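**Q** structure of the sequence below:
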Amino acid sequence: MPVLKNILFLFSLIIAGILQAGYSQNTPEFDHLKSAFENNRIFTASFYHVYSDSFTGEQQEAEGTIWIGKEQYKIEGNNQRMVVDGEISRVYDETRNRLIISEYIEEEDDFAPSRMLQGVDDSYSVSERAIENNQTLITLTSEDPFSVFTEVSIYLSEEGNPLRISATDQVENELTTTFSNGRFTDAGPDTFELNIPEGTELIDLRHDN
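**A** Numbering: from 1, shown residues only. Model prediction:
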């Protein structure tokens, strides 16, 4: 699931950056986006993701659907589905018809929102400006060599929904995720459910501990 995790890594990083960065009177749209996650709203959208390797020139692509909250996430695409609810991690592989369940240990999850951009308020500067079609461009930049990305750009619609997120890392790899039909919703009882077919092979790693 490396490509799916790239998408999750990028978007979780943005959430964490939003959650950890302080409010600024000069970034009202950024503050509004931060508030949506702080109020436990769920961003859901179809996505198209491209990861460009600066060394090899190769690209990896993926598409699917994503649900991202302050402490939970679900992603479906490339014949795989993954759900993390803060206590349990569940990964379903359609090609093998296999479900892997394990205890979720936030400290060991490189993709946990709370682990992304630690200290973003110190190492990243945030700015925003209006662009064409009543959209907003939010830019996070850092010169800290320990920051995951040197620059992150978030494009918001007139309604404040993410349209595209682009990032460049320390070795100039580029990650771009484009969203369609994106919106914020309240979490329902089935939002983070993982529907799997009967007869799925179950591997429960919780019993190995």
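
**Q** show me what the helix or strand where F30 lies is packed against.
**A** Per DSSP states H and E, F30 falls inside helix 28-38. Secondary-structure packing of helix 28-38 (3 or more C-beta pairs under 8 Å, 6 or more residues apart in numbering; DSSP states H and E): helix 2-20, strand 124-131, strand 135-142, strand 149-156. (Glycine included, C-beta is placed from N, CA and C.)

**Q** any idea which of these has the lowest pLDDT on average?
**A** Mean pLDDT values for the helices and strands packed on helix 28-38 show the minimum at helix 2-20, a mean of 54.

**Q** strand partners of the host helix or strand of F43, parallel vs antiparallel please.
**A** Per DSSP H and E: F43 is located in strand 41-52. Using DSSP bridges, the strands paired with strand 41-52 in its sheet are strand 59-68 (antiparallel), strand 174-186 (antiparallel).

**Q** and F146, how close does it get to E103?
**A** Relative to E103, F146 is positioned 29 Å away (criterion: C-beta to C-beta, to the nearest Å).

**Q** settle it for me: which of these two has more neighbours?
**A** Neighbour count, other C-beta atoms under 10 Å: between F146 and E103, E103 has more, with 13 against 9.

**Q** that one contacts V84, correct?
**A** No. Using C-beta atoms under 8 Å, E103 is not in contact with V84; the gap is 11.0 Å.

**Q** still on that earlier bit, what comes up buried for the helix holding F30?
**A** 29-31, 33-34, 36-37 (16 or more other C-beta atoms under 10 Å).

**Q** and these, which is closest to L140?
**A** F30 (9.1 Å; C-beta to C-beta).

**Q** the closest one contacts L137, doesn't it?
**A** No. Contact criterion C-beta under 8 Å: F30 and L137 do not qualify, at 10.5 Å.

**Q** anything in contact with each of the two?
**A** E128 (C-beta atoms under 8 Å, 6 or more residues apart in numbering).

**Q** so where's this protein uncertain?
**A** 1-25, 86, 104-123, 207-209 (pLDDT under 70).

**Q** list the contacts of D53.
**A** Counted by C-beta under 8 Å, 6+ apart, D53 has contacts 59-60, 173.

**Q** buried among those? Make that a ChimeraX selection.
**A** The buried subset of these, as determined by 16+ other C-beta under 10 Å, is captured in ChimeraX by this line:
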select :173
